[in-house]
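>>> Fold the stuff below for me.
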Amino acid sequence: MMTSKTPPLSATAAADAYVLDDQVGFLMRRANQRHLAIFSEGISDLTPTQFAALAKLCELGAVSQNALGRATSMDGATIKGVVDRLRLKDLVASTPDPDDQRRILLKPTAAGWDLFEAVAPTAHQITQDTLAPLNDAEQTIFLLLLQKLT
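Predicted coordinates:
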């Protein structure tokens, strides 16, 4: 039984219609590269993932590594590596969970708190600099749309 759907584009027509510069993944990657460059200029002591983990720990307090990974949208292997590097920098400490000795809780050290408090204003500025090409209304819409995509 035939339907009246539009026939698919031929491979050549589809390739001709595809413009990389207009694709969402390409544009998001370029925007992310811009943000990462701004971040590295402002905060050189931490990677963006290290900063995210430290900031979330300062926000939440003591949490398990798994919970921290979920809260920062990092998979198990990534959060383990991030936490290991934060430990090496003496920014994060681990202690046994008093309610479950099998679980380890992570928390910021005094040095971790000090660093976070020192760079938090810069992190705010990084966000402002990243969004600077947009006016206030566009920034609000852009952030709402990003949240909707995640």
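>>> residues in contact with the longest strand along the chain?
What stands out as the longest strand in the chain, according to DSSP state E, is strand 100-108. For strand 100-108, contacts defined as C-beta atoms under 8 Å, 6 or more residues apart in numbering pick out 54, 57-58, 61-65, 68, 83, 91-97, 116. Using the backbone N, CA and C atoms, a C-beta is placed for each residue, glycine as well.
>>> Could I get the buried residue list for that strand?
Buried residues in strand 100-108, counted by 16 or more other C-beta atoms under 10 Å: 105, 106, 107, 108.
>>> mind putting the residues you listed in JSON lines, pLDDT and distance to residue 38 included?
Converted to JSON lines, those look like this (pLDDT from 0 to 100; distance: C-beta to C-beta, whole Å):
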{"residue": "105", "pLDDT": "96", "distance to residue 38": "33"}
{"residue": "106", "pLDDT": "97", "distance to residue 38": "28"}
{"residue": "107", "pLDDT": "97", "distance to residue 38": "29"}
{"residue": "108", "pLDDT": "98", "distance to residue 38": "24"}
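>>> could you flag which of the contacts of strand 100-108 are buried?
54, 57, 58, 62, 63, 65, 68, 83, 91, 92, 93, 116.
>>> Without its sequence neighbours, what residue ends up closest to the second one?
Spatial nearest neighbour of residue 57, excluding adjacent residues (C-beta to C-beta, 6 or more residues apart in numbering): residue 108 at 4.9 Å.
>>> Report the beta-bridge partners for that neighbour.
residue 92 (DSSP bridges).
>>> For it, give its distance to residue 42.
Using C-beta to C-beta, to the nearest Å, we find residue 108 at a distance of 20 Å from residue 42.
>>> what's the distance between the lowest-mean-pLDDT helix or strand in the chain and the middle of its chain?
The weakest-scoring helix or strand in the chain, judged by mean pLDDT, DSSP states H and E, is helix 11-17 (a mean of 77). With C-alpha atoms, centre = their mean, to the nearest Å as the basis, helix 11-17 stands 34 Å off its chain's centre.
>>> Return the set of buried residues in the following helix or strand past it.
The helix or strand immediately downstream of helix 11-17 is helix 24-42, counting by DSSP states H and E. Buried residues in helix 24-42, counted by 16+ other C-beta under 10 Å: 35, 38, 39.
>>> Distance of residue 77 relative to residue 83?
11 Å.
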